[in-house]
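Q: Show me how the following folds:
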Amino acid sequence: MPGSELRQLQPDGARLPSFYSPPSGARETSHHDGDIEQPDFSLSARDPASSTLENDNDAALNPFPQATTPLTQPPPASLLSPAFTPPSTPGTATPSNAGAAEPRGIPVDSSIPTGGCGSKQPRLLETLPQVECIVRARIPTTTGAEMFLHLYTNNVDNKEHLAIVFGGNIRSKSLDAVREGETEMDRLVRGAYTGRLYPGRTTSGLAAAAPSGNDASSEKPAGPPLVRIHSECYTGETVWSARCDCGEQLDEAARLMSLPTNTAGGIIIYLRQEGRGIGLGEKLKAYNLQDLGSDTVEANLLLRHPADARSYGLATAMLLDLGQKDVRLLTNNPDKIRAVEGPHREIVVKERVAMVPLSWKGRGGFRAPEVEGYLKTKV
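A: Purely as a prediction, here's the structure:
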């Protein structure tokens, strides 16, 4: 990756290119900041322990109480998001700071009105889509953490949705199912194996994978996994857009799931519903409307699209295929809980986990009028 090469070539203290992150401190991303009146999201006038707003590619006020440990420095005066961009994630936590980075959450119960699951009633599909995992592969990351990338097909669209799985005890039932006429090599190539691949391996079973009998997939889960439902955002994840915080949210989710203390594993369901479901072309038109003065929601409506056209039935079906009935949902939006659980609560969200921006802890981030306006609109 080019960013990795840049990091290796830079001497200590040297200034990296402006597009490279994470920055050492909060940085300005627009030279027009002095000409634009920025909304005031200052937290300096209120106690950070009493109320915070967490950014997410879904948005809601954060009711979670803050830790009582005094901050070593006051929060920045701007509402910023965590600065995590590859190759620095995932798995950047060390044993010395892993506990401090542990995600916090609260129990929820969508079966009762006071269960902390939001007031909106999401539009749910009567039946869940049919999904099939057609291939998975081990992905070693630049920081040493490993994940398994699962590619899914379905019967409702022609897109290839993804599940990024952390932990060896989470497996796909449709991937592991025996397919007519396939050979052992076919199973190895599509990722339907236990243990690890190695040169010369010829069988997919546990005995061939680990003669000692020790295999990650046989470990008993330590509780519900941490789950993040993430919608594709090419601009925020690939081309360094400061109009949203989606890329940083994706990277932060991966970091939290790869912490050594997260023994239950984690799943990022990556849905190919760009631009809140309107597609990349329409999303770019919406950007132009935003430059003409509209906010995120107004731009979608002017293009005759819903403010949010996303659906989560595919995520529910994929989680079921991965053998998950109970999950801990990494989101700041209580209304997403029922949407993910499915029409008959096929999935049960046991806990909603906060996505806390590192910038609130004085650990970097970025400033831009666009992202601050975006976050204000989400709230």
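
Q: Quick check: pLDDT value at residue 361.
A: Each residue has a pLDDT score; the one for residue 361 is 54.

Q: again but with residue 259, I slipped
A: Residue-level pLDDT assigned to residue 259 equals 90.

Q: contact partners of the host helix or strand of residue 139?
A: Taking DSSP states H and E as the criterion, the element that holds residue 139 is strand 131-140. By Cβ atoms under 8 Å, 6 or more residues apart in numbering, the residues outside strand 131-140 that reach it are 146-155, 161, 163, 165, 172, 174-175, 190-192, 196-197, 314, 317-318, 321. For every residue, glycine as well, the C-beta is placed using N, CA and C.

Q: pLDDT below threshold where in this structure?
A: In the predicted model of the chain, residues 1-103, 206-221, 309, 356-379 satisfy pLDDT under 70.

Q: could you pull out the helices for it?
A: 2-9, 173-176, 184-190, 206-209, 234-238, 246-257, 274-277, 280-291, 296-302, 313-321, 335-341, 369-378 (DSSP state H).

Q: Show me the one of the ones you listed that comes nearest residue 114.
A: Ranking the helices of the chain by proximity to residue 114 (Cβ to Cβ) places helix 335-341 first, at 13.4 Å.

Q: As PDB, could you dump the C-alpha coordinates of that closest one?
A: Output for helix 335-341, consisting of C-alpha atoms alone and laid out as PDB, is shown next (Å, rounded to 0.1, in the frame of the first residue of the first chain):
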ATOM      1  CA  ASP A 335     -33.500   2.800  15.800                       C
ATOM      2  CA  LYS A 336     -31.100   0.500  14.000                       C
ATOM      3  CA  ILE A 337     -31.500  -2.300  16.600                       C
ATOM      4  CA  ARG A 338     -35.000  -3.400  15.500                       C
ATOM      5  CA  ALA A 339     -34.100  -3.000  11.800                       C
ATOM      6  CA  VAL A 340     -31.200  -5.500  12.300                       C
ATOM      7  CA  GLU A 341     -33.100  -7.900  14.500                       C
END
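
Q: thinking again about what came up before, show me just the buried residues among the contacts of strand 131-140.
A: The neighbour-count test (16 or more other Cβ atoms under 10 Å) marks 146-154, 161, 163, 165, 172, 174-175, 190-192, 314, 317-318, 321 as buried among the contacts of strand 131-140.

Q: picking that back up, out of the helices of the chain, deepest packed?
A: Per-residue neighbour counts averaged over each of those give the maximum for helix 246-257, namely a mean of 25 (mean count of other Cβ atoms under 10 Å).

Q: Who are the packing partners of it?
A: Secondary structure elements in contact with helix 246-257, counted by 3 or more Cβ pairs under 8 Å, 6 or more residues apart in numbering; DSSP states H and E, are strand 161-166, strand 226-231, helix 234-238, strand 266-271.

Q: need those in TSV with distance to residue 329, can you?
A: Conversion of those to TSV gives the following (distance: least, Cβ to Cβ, whole Å):
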stretch	distance to residue 329
strand 161-166	15
strand 226-231	6
helix 234-238	21
strand 266-271	10
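
Q: do you know which of the ones you listed lies nearest residue 339?
A: Closest of the helices and strands packed on helix 246-257 to residue 339 is strand 226-231, at 8.5 Å (criterion: Cβ to Cβ).

Q: what angle do that closest one and strand 266-271 make?
A: Counting by axes from the mean of the first three to the mean of the last three Cα atoms, to 10 degrees, strand 226-231 lies at 10 degrees to strand 266-271.

Q: helices or strands up against strand 226-231?
A: If you count contacts as 3+ Cβ pairs under 8 Å, 6+ apart, strand 226-231 packs onto helix 246-257, strand 266-271, helix 274-277, strand 326-330, helix 335-341.

Q: cutoff 6 Å now
A: Contacts of strand 226-231 with other secondary structure elements, assessed using 3 or more Cβ pairs under 6 Å, 6 or more residues apart in numbering; DSSP states H and E, are made with helix 246-257, strand 266-271, strand 326-330.

Q: With distance to residue 227 added, can I get the ones you listed in TSV?
A: Output for these, formatted as TSV (distance: least, Cβ to Cβ, whole Å):
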stretch	distance to residue 227
helix 246-257	9
strand 266-271	5
strand 326-330	4
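
Q: Relative to residue 301, which of the ones you listed is closest?
A: Between residue 301 and those, the shortest gap by Cβ to Cβ is with helix 246-257, which sits at 20.5 Å.

Q: Between strand 326-330 and the closest one, find me the angle.
A: With the same axes, to 10 degrees as the criterion, the two stretches helix 246-257 and strand 326-330 enclose an angle of 130 degrees.

Q: Endpoint to endpoint, stretch 134-150 covers what distance?
A: End-to-end distance for stretch 134-150, by Cα to Cα, to the nearest Å: 8 Å.

Q: That one: which residues count as buried?
A: Along stretch 134-150, these residues count as buried under the neighbour rule (16+ other Cβ under 10 Å): 134-136, 143, 145-150.

Q: Mind putting those residues into JSON lines with distance to residue 297?
A: As requested, the buried residues of stretch 134-150 are exported to JSON lines (distance: Cβ to Cβ, whole Å):
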{"residue": "134", "distance to residue 297": "36"}
{"residue": "135", "distance to residue 297": "37"}
{"residue": "136", "distance to residue 297": "37"}
{"residue": "143", "distance to residue 297": "37"}
{"residue": "145", "distance to residue 297": "36"}
{"residue": "146", "distance to residue 297": "39"}
{"residue": "147", "distance to residue 297": "34"}
{"residue": "148", "distance to residue 297": "36"}
{"residue": "149", "distance to residue 297": "33"}
{"residue": "150", "distance to residue 297": "33"}
